[in-house]
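Q: I'll drop the sequence and a predicted model, then ask my questions.
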Amino acid sequence: MSWLQISVETVAGRAEQTGSLLEQLGALAVTLSGMEDGDPVLEPMPGAQPLWARARLTALFDLSADIGAVKAELAKQRVAIADLAFVQDEDWQNRWQAHAVRACFGQRLWLLPRGEVQEVQPDGHRVPALRLDPGLAFGSGSHPTTRLCLAWLAGADLAGKRVLDFGCGSGVLALAACLLGAARVTAVDHDPQALVATWDNAAYNGVTAEQLTVIAPARLAESSPQSQVFDVVIANILANPLVELAGHLSAMTAKAGELVLSGLLPDQEQMIRDAYPTFQFPPVAREDDWIRMDGRRAGVESGRPSRRMKDGG
């Protein structure tokens with residue numbers, strides 16, 4: 001089967017708006033990348049902007065689409081078409097699968113594309129598998145910050161714990177916590193589409209509302225005080241929001257709880273330490289140009305045996 005592929009270029013600040021426009025015009029799928037061959041394909045956090053100054057969006061349309069009307073509307077909105085081509089379904093699927101993640105974290109959790117057969121460890125032991133579409137919306141696990149957080153979760157003893165995934169996106173971290181044995185997980189995001197995506201991924205992976213709550217920040221703030229305190233608070237967002245939310249995230253971390261922060265660059269480490277003065281942070285975990293900071297309140301011991309393992313997939 002053939003499809004019509006339209007690539008457009010825009011400034012990074014308009015990438016989300018342009019993607020929404022393409023969908024309104026009938027695009028069946030939209031992917032986001034940088035303008036240069038060396039630019040990575042990222043999974044931006046909901047509401048966050050890509051790291052590049054300019055971005056390319058590639059949209060897939062059915063051959064029956066009114067391409068003349070699409071081109072006219074794009075021109076009206078001053079969106080430049082960089083390329084227009086026909087592609088075979090196999091070509092698109094190959095590109096889509098190129099972003100799929102296949103990795104095992106801490107020998108306790110596989111992250112796999114939907115529909116893929118679960119891998120077996122060398123000793124024959126089968127570990128839980130979280131399956132996600134390898135699309136770019138909200139997070140597929142391909143970004144180093146997500147992998148750093150998954151490595152932390154796979155190394156933690158979550159049995160009986162209450163876990164908060166703040167800025168859940170696709171729900172990848174919240175669902176990982178569920179599969180790794182957390183007693184109760186709350187996934188929070190300001191973007192309604194992220195909440196829908198999280199529930200969709202939860203249903204596909206067999207995670208029910210008995211273990212998972214998916215909620216907007218305002219609804220969480222309206223809940224009972226007991227419902228706003230967690231044994232583990234994990235936030236894979238960017239440095240500035242982490243600083244702005246420092247008071248809230250600190251208050252939601254139980255006295256003996258753990259705070260896991262990512263979406264950070266190495267030169268932002270001190271800024272985070274300054275924003276969370278009541279927490280002690282050991283040396284950071286790092287992958288490529290990104291870091292993760294793991295905090296515990298100063299003077300508080302965990303009181304439990306650690307399952308901490310070496311980070312990595």
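A: Nice, thanks for sending it over.
Q: any chance you could map the helices in the stretch 201-313 of the chain?
A: In the stretch 201-313 of the chain, the helices defined using DSSP state H, counting those that start in this stretch lie at 217-222, 239-244, 246-252, 269-275.
Q: what number of residues lie near residue 161?
A: Residue neighbour count, defined by other C-beta atoms under 10 Å, stands at 21 for residue 161. No exception for glycine: its C-beta is placed from N, CA and C like everyone else's.
Q: confirm for me that it is in contact with residue 231.
A: Yes. Taking contacts as C-beta atoms under 8 Å, residue 161 lies within contact range of residue 231: 4.1 Å.
Q: name the residues that touch the helix or strand hosting residue 163?
A: With elements taken from DSSP states H and E, the one containing residue 163 is strand 162-166. For strand 162-166, contacts defined as C-beta atoms under 8 Å, 6 or more residues apart in numbering pick out 171, 173-174, 177, 182-188, 229-235, 237, 245, 249, 252, 254.
Q: buried ones in the longest strand belonging to the chain?
A: With DSSP state E applied, the strand covering the greatest number of residues in the chain is identified as strand 253-264. Buried residues in strand 253-264, counted by 16 or more other C-beta atoms under 10 Å: 253, 254, 257, 258, 259, 260, 261, 262, 263, 264.
Q: show me what that strand is packed against.
A: helix 144-154, strand 230-236, helix 239-244, helix 246-252, strand 290-297 (3 or more C-beta pairs under 8 Å, 6 or more residues apart in numbering; DSSP states H and E).
Q: CSV for the ones you listed, including mean neighbour count?
A: Conversion of the helices and strands packed on strand 253-264 to CSV gives the following (neighbours: other C-beta atoms under 10 Å):
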stretch, mean neighbour count
helix 144-154, 24
strand 230-236, 24
helix 239-244, 16
helix 246-252, 17
strand 290-297, 21
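Q: can you give me the neighbour number for the residue lying closest to residue 21 once chain neighbours are set aside?
A: Distance criterion C-beta to C-beta, 6 or more residues apart in numbering; nearest residue to residue 21, sequence neighbours excluded, is residue 77 at 6.2 Å. Residue 77: 14 surrounding residues under other C-beta under 10 Å.
Q: same question for the one 3 residues further on.
A: Other residues within reach of residue 80 by the criterion other C-beta under 10 Å amount to 10.
Q: done for today, thanks.
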